[in-house]
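Q: next one to model:
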Amino acid sequence: MRGAVRLDLVKLSAQLAEEGRHPELVKAIARAAAAGSIREDLRAALASLRLVEKMQGEASRESVRDMSDETTVTGALFTQAIILYARATFTTGKRPGLLGESGLSEEDRATHDEVKLLRNSAIGHFGRGDDLQDGPLVREAVILSFTRGQKQLGVYTVRAQHKAQLSARLCHLIEVRLRQIADRQDALFDTVHSLFSQAVQQDAKLGPSLPQFQFDIEAFCASPDAAQRLYAQLEAGQIEDMDYVVSIPKHQP
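A: Numbers count the residues shown, from 1 in each chain. As a prediction, the model looks like this:
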């Protein structure tokens with residue numbers, strides 16, 4: 001979309017909210033933004049689990065150090081996937097929740113409940129995860145060793161950094177959730193477009209104010225290289241999240 005005018009509706013909604021104008025449009029923009037970040041959380045969760053699969057398929061494990069490094073990275077990726085899925089679907093915060101539990105199959109609902117249990121009882125807070133389908137996450141032993149003249153006390157723990165069966169089920173569930181959020185996002189874009197069109201037609205001040213809300217690519221991106229890549233994608237009309245395009249209504253004086 002070469003030469004297109006791009007408006008940052010999040011920036012616009014902040015101004016409208018501050019002035020108490022068009023509350024339904026402000027709410028719709030916030031929900032559309034939430035759909036995008038929820039989808040990104042789910043994508044990152046799925047990518048983490050796929051990377052674990054790839055690492056385990058390629059790992060040589062030639063030394064204890066290699067095994068230790070693999071375990072550390074696997075644990076980090078698995079934990080990230082659990083936290084991101086939870087954040088996208090059931091934990092609370094400032095972001096509007098868009099993915100309920102209705103519409104899930106019985107099997108997917110069971111996986112969702114297991115992830116919720118794992119996050120709440122063994123990852124977000126310390127817990128052993130005794131009720132997990134694949135077995136507990138943490139095992140502890142306090143071992144007393146003694147001979148006739150000597151006693152020794154030690155604590156031993158093992159932690160399952162990755163639950164392979166749960167990971168496979170969760171990959172499927174995330175794919176289901178990605179389809180759900182894509183549908184929600186399309187519906188939310190329709191709502192934003194409709195409310196924005198109405199606001200421009202009904203509010204004589206809105207149309208002339210729009211140029212100040214143009215999307216600043218350099219300010220949005222974390223680095224010049226990232227800004228250049230985003231600009232090139234926007235100009236080509238091929239950026240992944242630009243998968244639903246509507247025309248911007250012209251202001252009618």
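
Q: list the helices and strands the lengthiest helix in the chain packs on?
A: For the chain, the longest helix by residue count, based on DSSP state H, is helix 164-202. On a contact count with 3 or more CB pairs under 8 Å, 6 or more residues apart in numbering; DSSP states H and E, helix 164-202 meets helix 23-58, helix 64-89, helix 106-118, helix 206-209. Glycine gets a C-beta too; all of them are placed from N, C-alpha and C.

Q: rank the ones you listed by mean pLDDT and give me the bottom one.
A: Ranked by mean pLDDT, the helices and strands packed on helix 164-202 bottom out at helix 64-89, with a mean of 86.

Q: so which bits of it are buried?
A: Across helix 64-89, burial judged by 16 or more other CB atoms under 10 Å covers 70, 74, 77-89.

Q: now that helix, how far from the chain's geometric center?
A: With CA atoms, centre = their mean, to the nearest Å as the basis, helix 64-89 stands 15 Å off its chain's centre.

Q: now that helix and helix 106-118, what's the angle there?
A: 110 degrees (axes from the mean of the first three to the mean of the last three CA atoms, to 10 degrees).

Q: angle of helix 64-89 against helix 164-202?
A: Going by the same axes, to 10 degrees, helix 64-89 makes 40 degrees with helix 164-202.

Q: now for helix 64-89, which elements pack on it?
A: With contacts taken as 3+ CB pairs under 8 Å, 6+ apart, helix 64-89 sits against helix 23-58, helix 106-118, helix 164-202.

Q: got a markdown table for those, with distance to residue 158 and mean neighbour count too?
A: Below are the helices and strands packed on helix 64-89 laid out as a markdown table (distance: least, CB to CB, whole Å; neighbours: other CB atoms under 10 Å):
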| stretch | distance to residue 158 | mean neighbour count |
| --- | --- | --- |
| helix 23-58 | 18 | 18 |
| helix 106-118 | 17 | 17 |
| helix 164-202 | 16 | 17 |
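
Q: got JSON lines for these, with distance to residue 224 too?
A: Putting the helices and strands packed on helix 64-89 into JSON lines (distance: least, CB to CB, whole Å) gives the following:
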{"stretch": "helix 23-58", "distance to residue 224": "22"}
{"stretch": "helix 106-118", "distance to residue 224": "39"}
{"stretch": "helix 164-202", "distance to residue 224": "29"}
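
Q: so which of those comes closest to residue 230?
A: Closest to residue 230 of the helices and strands packed on helix 64-89, according to CB to CB: helix 23-58, at 14.2 Å.

Q: which neighbouring elements make contact with the closest one?
A: helix 9-19, helix 64-89, helix 164-202.

Q: to residue 157, which of these lies closest?
A: Nearest to residue 157, of the helices and strands packed on helix 23-58 and by CB to CB, is helix 64-89 at 13.5 Å.
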